[in-house]
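1. How does the following fold in three dimensions:
(3 chains)
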Amino acid sequence: MTQIKSLADLKALKNNIQEKMDTRAKGNKDGLVQVKVAMATCGIAAGAKQIFDYFLNESEKRGIDIVLTQTGCMGYCHAEPTVEVTLPNKEPIVFGYVDTKKADEIIEKYIKNGELVEGIIPVNYETVAKN
Amino acid sequence: MAKYKMHLLVCGGTGCSASKSTEIVDNLHLSLKEKGLENDVQVILTGCFGFCEKGPIVKVMPDNTFYTEVKPEDAAEIIAEHVIKGRKVTRLLYTDPENKEHIADAKHMGFYKKQLRIALRNCGFIDPENIEEYISNDGYAAIAKVLTEMASEEVINEIKLSGLRGRGGGGFPTGVKWEIASKNHADQKYVVCNADEGDPGAFMDRSILEGDPHSVIEAMTINGFAIGATKGLIYIRAEYPLAIHRLQIAIGQAREYGLLGKNIFGSGFDFDIELRYGAGAFVCGEETALIHSMEGQRGEPTFKPPFPAQSGYLQKPTNVNNVETYANIPIIILKGANWFNKIGTEKSKGTKVFALAGQINNVGLIEVPMGITLREVIYEIGGGIKNGRAFKAVQTGGPSGGCLTEKHLDTPIDYDNLIAAGSMMGSGGMVVMDDTSCMVSIAKFYLEFTVEESCGKCTPCRVGNKRLHEILEKITKGNGTMEDLEALRNLAGVIKDTALCGLGQTSPNPVLSTLDNFWDEYVEHVKDKKCRAGVCKSLMRYVIDKDACVGCTACARNCPVNAISGEKKMPHVINDELCIKCGACIERCKFNAISIK
Amino acid sequence: MEYVNIIIDDKPIKAEKGQTILKAARQAGIGIPTLCYYELNGQQLENRPGGCRVCVVEVSGRKNLAPACATEVMEGMEIKTHSLRVVNARRTVVELLLSDHPASCLICSKSGNCELQSLAQKLGIRDIPFKGEQSMYKKDFSPAIIREMNKCIMCRRCETVCNKLQTVGALSAVNRGFMAVVAPAFEQDLAQSPCTMCGQCVQACPVGALSEVNQTRQVIQAINNPAKKVVVQTAPAVRVALGEEFGMEPGTIVTGKMAAALRRIGFDYVFDTDFAADLTIMEEGTELLGRISKFMAGDKSVRLPILTSCCPGWVNFFETNYSDMLDVPSTAKSPQQMFGAIAKNYWAEKIGVKREDMIVVSIMPCVAKKFECQRDEFKENGNPDVDYSLTTRELAELIKQFNIDFNTLPDEDFDNPLGASTGAAVIFGATGGVIEAATRTAYEIFTKKKLDKVDFNALRGLDGVRSATVDFDGTPIHIGIAHGLGNARKLLDMVRNGEANFHAIEVMACPGGCVGGAGQPFHHGDFSKVEKRFEAIYREDEGKPIRKSHENPYIKQLYEEFLGEPCGEKSHHLLHTHYFDKSKQVEVEA
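-> Numbers count the residues shown, from 1 in each chain, chains lettered A, B, ... in the order given. The predicted model follows:
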């Protein structure tokens, strides 16, 4: 890792990171499935860590290529743990009250077949557009 | 891979279920089956959309059509028109209340703009432990801009122009605060991030630190450059281990990438950040107390002036801002003050994060533009009151705030309106109460917190709040007098007028606002010895209905204090003086003859 | 001086810029009541936590009331000190304080001197509307000071005095909210803390939460016990302050009336600690000259400076904080203890009374003396050289109990021989006095020349840390003086770090020296009273026919008859002591 010494360095690093993501997406024939688990204190307390591990282990076992990341609070405290799944070229979908059974359902039905499962948390906010 | 071509999402929230959303699902299924589409279109019940006022809601994916106030009999039409023919059912579309136009794509609905995530822009979106995700989302672009293109006065001007006010509760203009600190010259200045979030039920700052720690680091660096400080301190409560862990990772990564440390962006500007741990004293959220705590002194406030900007940490000029305030800074720098100051109201710009809690369907962390009404928050974001009960009050501002009622529901939320209504913005707690809440008990609850958390330095807060709490206790026990109510109001007023720091000055707010808005309920407790919400145990009466009682003696035999008497096969009576309100009699009565009055 | 125009209670006032509302108002003759505020003028001590909220006033344009003690005047400020809003708030605040304060004024040691009591009187409070829980703490008895925290009103004066003025660090606020109280670390007893018993906290306490151990009853019993001969000694600073307890001006000298009163109370012998002060000079002066001579002769084992050791608070302080320097202070006992040793070993024998049948009572301006006389090294087979040490205030109480009309008493003399003293002994009561007295004697012995001018003005004054060089006929002697333990710490740190080359240093624990002692009549933060006592001490000195200790004929007689020579074997046994390492008490606190 090199130190960022100038504005140009920062821009180069940003492009580099975005390119990496793109390449990875293109390298996969069906595009990339992104799974984010909300892992703030409350999410973890509600079991998000087990869900994260479940996705990690099961995606490997079942041979599906997903990009799994942790993230911060999504704001749906009433429905923790929450997981956001983004299928290629689709809107992100947030699932609430995810336990391992629900996670299995999400993998088998939504990730593999695009078939929605119950427990969707409708997103009801707008995020400020970045530059 | 997609099996279904289309999804119909039907709101399964409590509000919509009550309006027959399950019937809608059934009817949708029926129609699909009739048309032979059950394998192409999936119908699914979802969680609450929050927009309960216009429920039940059906959303069609992928074209993002949002149908409101759908009835079970509309199901067939949605299938026939929208699913088969691709024509939207105009009459069910959401109508923009302003220009009366039907909105086809939900993305254009005002509803989605009810919540605007600025401070929370990266929370739940990026991996907080990966600096590269932050950078790829414009992270550190603001500090780059500041250090390579801007003078410190320009930075301060930009923040001043943005209209950003402190999100910790006081609402002091951030840019002005920075300006004062910048004008006090010293060999060393400090930038302090106040992460001593302590309102009961509030977790806005924790969520930001856990979800987007780099935004705070970047903002503090900007702040340091603006006022001429090279050292930053984050005062965080030790009860936030995950936030601390992620901050430590983030600070480490920022140093590794040269974004903290010497000569940042080759500009010659040095800045670094250290963490300081608080032991969880509420009063240490007050900036002078916070500074004393960091210095190893007793965490208690001192009067201002001198302000921290003049003489703060180690007697050096110090700027203290809270986490949420900082989270707004980078995006203001990037998108400009003129973008930010268009959001919100005239005197309160931008958005505010609230921790929405209490008797509300969608308990959660929300971020709304200033100027939104409480009604919109409660009914359109929060999904309304749980179990369809009646709204009674909403408490904002934590223990420093007050209880607002029905009449305040359409007040636009901003710093000044909330204070005018007898409450305050505070750090962003918002507790919704239904008719099962006793307002005297609510006031007592908050006072209990203040009594516990007062530092004990000044008389009004140390003794006054204790006495307020004792009077409230007396009232809830049924021993209150009308003179007590008078004493309560006078004492609360004096505490507000004389306490040393913000904690003490605002601590009577829960009492004053409930006295103002729920006077009848106080009087009921005092005169009628009655608690309409059924919360105050001492005011409950157990009564046997003499018509329903068959004289089986089960209640009398099970009463632990022998408060029930009566002849066999004759109606029994309860002696109120002996009754301890344990409820054993009700449990035993097979004839529903005993009730609580 | 820059001025701003303000209006207080409709009265236009020119106030100094940067001044507080309180000071501006007081200068204009408007007395805003205060409670926690405490200032020792000229001693760099201010307790201004802004905590009691009694001094709140209404300031135009401000949304809440402002504490006058902590709010600076600003141009155009309009201030109201007795509007309905202010009066109601002030009254409510005092009622709140009273609601958590035992209403035991009838039997409180502070009754009549209590600032809360007089405030309640002033505001005409006849009822405490708030009934509720009261703070309950166990009474903490130490050898000299009693803490009754039920009475504490959290003014924090004691804490400020203990930490800022004295740098002792025994007291600080602990706990939160209603449970907040000032206490030693971990709420241990005062006796287990680094407390030096200086008692400045007692002097500062506006209520009866801190008081001295009262021993008047034991003294009355001793006086009325026919089997006992009761001897009393009075310290120099008592005679310039006692009159205040009987309505006299501070600084009134009442030596004669005091001797008369003591005799009427029934003491068998009315002696003077001043006699022992002269004796102290003989011993300490000789020790000083011995050390200087050896040092000048190149003896590396000698440590300079020599530190005075008359002040028991100071002795406790260096035993606790400078345990690495225990060989530096003079080994001479304090005058109180020298008196006790002489009374019980010389006078008792002379009048044919057994040691056990003699009771020595001292009247001291001091609280720490109560602790000092209980130290084991000042006892013989468990029998103390000084049995009871009373404060100036306790003596006043005795006089009142004995129905003596102090103001009309005739002037009487002390008994001889232990009542005879010189002007050098009198000035022990003021900061700089001990070292001046020592200089008067040491000069003559060292130079073998007669000293014509005995007033060493360079050594006098009330600055916290002073230094002067005295010319001993060609040999410059460097002298340091500190009063207040915080100032002593400054000097001692310099000595410890080798930054100072003093030959001798005098330290008094209390500001002003013994005239400002913790056992003196309460001055309630009016330090001008202490200054007047200070001036009176030097007036008393001037009026004395003999002003050098070594010229006291009874001292000469004592050496001839009994002791032999200063710092000789008998003196060493009776008049000198040793010190103990008490540094652990600081570590506990750290």
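
2. Report the buried residues of stretch C:364-384.
-> Applying a neighbour-count criterion of 16 or more other Cβ atoms under 10 Å in any protein chain shown, one finds C:364-375, C:378, C:384 buried in stretch C:364-384. C-beta coordinates here come from the backbone N, C-alpha and C atoms, glycine included.

3. Restricted to helices, list those residues.
-> Among these, the residues falling in helices (DSSP state H) are C:368-372.

4. Could you find the residue in chain C that comes nearest to chain A?
-> With Cβ to the nearest Cβ as the measure, the residue in chain C that lies nearest chain A is C:R176; the distance is 25.5 Å.

5. Count the neighbours of that residue for me.
-> When neighbours are counted by other Cβ atoms under 10 Å in any protein chain shown, C:R176 registers 21.

6. likewise A:E105?
-> Residues near A:E105, counting by other Cβ under 10 Å, number 18.

7. so which strand or helix has the residue nearest to it when sequence neighbours are not counted?
-> Of all residues beyond its chain neighbours, the one nearest A:E105 is A:V117 (4.7 Å), with distances taken as Cβ to Cβ, 6 or more residues apart in numbering or on different chains. Using DSSP states H and E, A:V117 sits within no helix or strand.

8. In this structure A:V117 contacts A:I111, no?
-> No - shown here, A:V117 and A:I111 do not form a contact pair, counting by Cβ atoms under 8 Å, at 10.2 Å.

9. Can you classify B:L9 by secondary structure?
-> Reducing the assignment at B:L9 to three states with DSSP: H, G, I helix; E, B strand; the rest coil gives strand.

10. contacting residues around it?
-> When contacts are counted by Cβ atoms under 8 Å, 6 or more residues apart in numbering or on different chains, B:L9 touches A:116, A:120, A:122, B:44, B:46, B:58-61.

11. What is the nearest of these to chain C?
-> Minimum distance to chain C across those is 43.8 Å, recorded for A:P122 (Cβ to the nearest Cβ).

12. Number of residues surrounding the closest one?
-> Neighbours of A:P122 (other Cβ under 10 Å): 21.

13. Please verify my assumption that it contacts B:C11.
-> Yes - at 7.4 Å, A:P122 and B:C11 qualify as touching, with contact defined as Cβ under 8 Å.

14. Need the overlap of contacts for those two.
-> Contact criterion Cβ under 8 Å, 6+ apart; residues shared by A:P122 and B:C11: B:46-49, B:59.

15. Point me to the residue of chain B nearest chain A.
-> With Cβ to the nearest Cβ as the measure, B:G211 is the residue of chain B nearest to chain A, at 1.7 Å.

16. what's the pLDDT at B:A226?
-> B:A226 is assigned a predicted lDDT (pLDDT) of 97.

17. Spell out the secondary structure type for it.
-> Secondary structure, three-state DSSP: B:A226 is helix.

18. Can you tell me the closest non-neighbouring residue to it?
-> Here the residue nearest B:A226, using Cβ to Cβ, 6+ apart, is B:V155, at 4.3 Å.

19. Could you tell me what pLDDT the model assigned to that neighbour?
-> Taken from the predicted model, the pLDDT recorded for B:V155 is 97.

20. B:Y313 versus that one, what's the distance?
-> Remark: distance between B:V155 and B:Y313 (Cβ to Cβ, to the nearest Å) = 21 Å.

21. Tell me which residues touch the residue in chain A positioned nearest to chain B, please.
-> For chain A, the nearest residue to chain B under the criterion Cβ to the nearest Cβ is A:G72, separated by 1.7 Å. With contact set as Cβ under 8 Å, 6+ apart, A:G72 has these partners: A:38-40, B:122-126, B:128, B:207-208, B:210-212.

22. what does B:V176 give?
-> Listed by Cβ under 8 Å, 6+ apart, the contact set of B:V176 reads B:K160.

23. List the single closest residue to the residue in chain A that chain C sits nearest to in space, sequence neighbours excluded.
-> Among the residues of chain A, A:T41 lies nearest to chain C; the distance is 25.5 Å by Cβ to the nearest Cβ. Distance criterion Cβ to Cβ, 6+ apart; nearest residue to A:T41, sequence neighbours excluded, is B:L242 at 4.9 Å.

24. The closest residue to B:S21 other than its chain neighbours: neighbour count?
-> Take B:S21 and drop its neighbours on the chain: the residue closest to it by Cβ to Cβ, 6+ apart is B:P56, 4.2 Å away. Other residues near B:P56 number 28, with proximity taken as other Cβ under 10 Å.

25. pretty sure B:P56 belongs to a helix, no?
-> No - with three-state DSSP as the criterion, B:P56 is coil rather than part of a helix.

26. So which other helices or strands are in contact with whichever helix or strand A:Q50 is part of?
-> Under DSSP H and E, the secondary-structure element containing A:Q50 is helix A:48-61. Helix A:48-61 is packed against strand A:33-38, strand A:66-71, helix A:100-105, with contacts defined by 3 or more Cβ pairs under 8 Å, 6 or more residues apart in numbering or on different chains; DSSP states H and E.

27. can I assume the residue of chain C closest to chain A is in contact with B:C461?
-> No - at 10.5 Å, C:R176 and B:C461 do not qualify as touching, with contact defined as Cβ under 8 Å.

28. Show me the common contact partners of these two, please.
-> By Cβ under 8 Å, 6+ apart, the residues touching both C:R176 and B:C461 are B:454-455.
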